[in-house]
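1. Sequence first, then the predicted structure, then my questions.
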Amino acid sequence: MNPWLVRQIVFPLHEILCGRRTMRVYRRLRRSQWWSTDQLRQLQLDKLCRLVGVALSNSDFYADFAGLDRSWRPQTLDDLQRLPLLDKATISAHRGDLVNRGVPGGARRYRTGGSSGEPMIFYFDKLRQAFDKAARIRAHDWWGLRLGQREAHIWNAPIELDGTGRLKRLRDTLTNERIFPVSTLGPKTIHAFTAALKRFAPRCVFGYPSAIEMLCTLSAAAGIRLDEMPVRAVFLTGEVLYDHQRTIISEAFGGAAVANNYGSREAGFVAHECPQGRMHITSENVIVEVLRDGRPAQPGQDGEIVVTQLDCLAMPFIRYRTSDVGQLSDDPCPCQRGLEIMTVVKGRSNDFLVAPDGHIVHGSAVHAALSGTPGIVRFQLLQQADYHVTILLTTDDQFTPGSERAIADEIAHRLGDRASVSVEFRDEIAPGPAGKYRYIISDLSSLTRRAAPAR
Ligand SMILES: [Zn+2]
C-alpha cells in the first residue's frame, strides 16, 4: 500500500471506524510536546481530577481503599501522594469492583502474563488506546519515520487465526505493518525468516530487545546481511534494553538508529526515546513517580517506577506499582521538548525455550500460553540441556486439575514433536540471585546465544 494513502486515508479511517480519535490526539500531542513544564503539569492536574472523580464515584471499593470521601479531588499534583499505591495483587483480587463498564466505547478485557510471571486480567478503553497509538506515531516522527512506512514487528502472532486474527492481519496489510512471528525464528529457519523480511523491505523494525538481538546474532552466524534492508530505525520495547544489545542491533542493521520504549501491556506506553538519547515520558497522559520506601526519590536516584495512566477510565491505574526500577531526571533535554525524562534501570527480561528441532519459543509466547488459565498465581519454566521443560506453578483455589494437563499440552504443542514437559506444584517460587525473578530459565537458550556469534 502506498504510504501516503495509509497516512492520509486508510489509517485515519480505520481509527474512526474503531471509535478512536487517534489522529486528533496525535495532532494535540504534536503541539503539546513543546509546552512548558507548568503547562504540562496543569494538564496533568486537570486529567487527574477527572480520573480520581471517576474512580471514586464508580467504585465503592476504590473509595474505601483510598479512605477518601467521594467528593475529594486533588488540588495539586502533590496530592497524588494521598492516594494509595495499587499493585497487581489488589487489581486481580478486586477487578470486578474496579472496572468501569460505563466508560465511552466500553471497557475491554485484556490478559497479560504480567511483568514477572504473575498473570493478570485488566480492562482498558478506547481513549487509552488512542493515546498509546498517537504517542507511538509521535515518537516515530522524532526519528524521521512517518506513519504509513513499512514496519516489521518481530512479535508474537495471534495464537488462533480466528475472526479477530484474520481481521488484524488484513488491517496490518492495509497499514503497511506485518508480524514476523518470534516463534518462527531459530537457527534452522533463519534463512527463510530473513528472506521474508527482506522481501517486505521494512523502513522500521519493532520488537523485544532479546528477540531482535537473537535475529542479529543468528543472521551473523549464518552469514546473512541485514544491512541490505532500508531499515532506518529499530524500536525496542517490553524489556530492559542493554548497551551491548544496542550495539549489536545497530551494527547488524547498518548503523540504523536504535530507539527504546518503556511500558507494559497494563500500564501502556509510558516513555519513548528521542534522538538525543533521553527517554521522554508521555507527560500528557502519564504521571511517573519513582519511590524509595514509599517516598519520592531524588532526581537521579533509583526507586520503584509507579505509573498513573491519566487517560484510562475503564480501570483506575492510579499509582500502579510496576516493580521496575528507574530514575527521574530534572535535566532538560537538548531537543527542548518539555516532556519529563526518565531512565529504566531494571525490569523485565525475556528468555527463550529451545525446541528439540531447534526453533525458539520466546518468553512472550509462554506468557500468552499460560496467562489465560485461571488460578495461576505465579509460574516459572525450567529447561534442561536435554530439552525437557519443567513448569513450576503456584496456584490458588480457582485452579482446576484439568488445567494442569492443558498447560503442559499447550507448551508441548509450541515446542513441537518430541517435546517433553512436566508440571510441578510449589508453595512458593523464589526469586533468583539479586532478587531478580526469571520466569524462564533455559540452559539451552543461553548456549544458543553464546554460541551464535562465534559460529
Ligand atoms: Zn529529547
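-> Arrived safely.
2. got any ranges where the protein has weak pLDDT?
-> Across the chain, the stretches falling below the confidence threshold (pLDDT under 70) are 113-118, 157-165, 348-350, 431-437, 445-455.
3. Could you list the domains of it?
-> 1-349, 352-454 (automatic domain parsing).
4. Tabulate the ones you listed (a markdown table), appending distance to the ion and mean neighbour count.
-> No exception for glycine: its C-beta is placed from N, CA and C like everyone else's. Compiled in a markdown table, the domains of the chain are given as follows (distance: least, Cβ to the ion, whole Å; neighbours: other Cβ atoms under 10 Å):
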| stretch | distance to the ion | mean neighbour count |
| --- | --- | --- |
| domain 1-349 | 3 | 18 |
| domain 352-454 | 29 | 17 |
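5. list the contacts for Arg82?
-> If a contact means Cβ atoms under 8 Å, 6 or more residues apart in numbering, then Arg82 has 68, 74 as its contacts.
6. What distance do you get for it to Phe61?
-> To Phe61, Arg82 is 18 Å away according to Cβ to Cβ, to the nearest Å.
7. cool, and Thr194?
-> Remark: distance between Thr194 and Phe61 (Cβ to Cβ) = 51 Å.
8. mind saving the C-alpha coords of the biggest strand by length in the chain as CSV?
-> Of all the segments assigned as strand in the chain under DSSP state E, the longest by residue count is strand 320-329. Coordinates of the C-alpha atoms in strand 320-329 are reproduced here as CSV (Å, rounded to 0.1, in the frame of the first residue of the first chain):
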residue,chain,number,x,y,z
TYR,A,320,0.2,1.5,39.8
ARG,A,321,3.4,-0.3,41.0
THR,A,322,5.3,-1.7,38.1
SER,A,323,8.1,-3.5,40.1
ASP,A,324,10.5,-2.0,37.6
VAL,A,325,13.4,0.2,38.9
GLY,A,326,14.2,3.6,37.3
GLN,A,327,15.1,7.2,37.9
LEU,A,328,13.6,10.6,37.0
SER,A,329,15.8,13.3,35.7
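9. isn't there a strand covering Asp427?
-> No - Asp427: not assigned to a strand; according to DSSP: H, G, I helix; E, B strand; the rest coil it is coil.
10. Chain neighbours aside, what residue packs nearest to it?
-> Take Asp427 and drop its neighbours on the chain: the residue closest to it by Cβ to Cβ, 6 or more residues apart in numbering is Thr394, 6.9 Å away.
11. Dig out what Ile440 forms beta bridges with.
-> Here Ile440 sits in beta bridges with Leu381, as judged by DSSP bridges.
12. Let me know whether it touches Leu353 as I believe.
-> Yes - counting by Cβ atoms under 8 Å, Ile440 touches Leu353, with 6.4 Å between them.
13. can you list residues touching both of these two?
-> If you check Ile440 and Leu353 against Cβ under 8 Å, 6+ apart, the residues they both contact are 366, 381, 383.
14. Would you enumerate the residues in contact with the second one?
-> Read it as Leu381. With contacts taken as Cβ under 8 Å, 6+ apart, Leu381 has the following neighbours: 353, 366, 389-392, 411, 439-442.
15. again, but for the last one
-> With contact set as Cβ under 8 Å, 6+ apart, Gln383 has these partners: 353-354, 389-390, 440-445.
16. Same question for Val361.
-> 183, 352-355, 414-415.
17. ok, now His388?
-> Counting by Cβ under 8 Å, 6+ apart, His388 has contacts 420-422.
18. Return the subset of those residues lying in helices.
-> Per DSSP state H, helices hold no members of those.
19. out of these, who's nearest His14?
-> Of all these, Val421 has the smallest distance to His14: 39.8 Å, by Cβ to Cβ.
20. Please list the members of the contacts of Val361 that lie in strands.
-> Cross-referencing the contacts of Val361 with the strands (criterion: DSSP E) gives 352-354 as the overlap.
21. Which one of those is nearest to Gln398?
-> For the ones in strands among the contacts of Val361, the closest approach to Gln398 (Cβ to Cβ) belongs to Leu353, at 25.8 Å.
22. Help me confirm that that closest one comes into contact with Tyr439.
-> No - under the criterion of Cβ under 8 Å, Leu353 lies out of contact with Tyr439, with a separation of 11.1 Å.
23. if we can go back for a sec, as CSV, the shared contacts of Ile440 and Leu353 with distance to Glu404 would be great.
-> Conversion of the shared contacts of Ile440 and Leu353 to CSV gives the following (distance: Cβ to Cβ, whole Å):
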residue, distance to Glu404
Val366, 16
Leu381, 14
Gln383, 19
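24. if I look at the residue nearest to the spatial centre of the chain, how far off is Val231?
-> Compute the mean C-alpha point of the chain, and by Cα atoms, centre = their mean the closest residue is Ser264, 3.4 Å away. Using Cβ to Cβ, one obtains 25 Å as the distance from Ser264 to Val231.
25. The stretch 251-400 of the chain: strands as residue ranges?
-> Taking DSSP state E, counting those that start in this stretch as the test, the strands found in the stretch 251-400 of the chain are 257-264, 268-273, 279-281, 286-292, 295-296, 303-309, 320-329, 341-346, 352-354, 360-362, 376-383, 389-395.
26. Any chance of those strands in a markdown table with distance to Arg150 as columns?
-> Formatted as a markdown table, the strands of the stretch 251-400 of the chain follow (distance: least, Cβ to Cβ, whole Å):
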| stretch | distance to Arg150 |
| --- | --- |
| strand 257-264 | 16 |
| strand 268-273 | 20 |
| strand 279-281 | 25 |
| strand 286-292 | 29 |
| strand 295-296 | 43 |
| strand 303-309 | 30 |
| strand 320-329 | 31 |
| strand 341-346 | 28 |
| strand 352-354 | 27 |
| strand 360-362 | 22 |
| strand 376-383 | 34 |
| strand 389-395 | 36 |
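27. from the contacts of Val361, which is closest to Gly19?
-> Ranked by distance to Gly19 (Cβ to Cβ), those are led by Ser183 at 31.6 Å.
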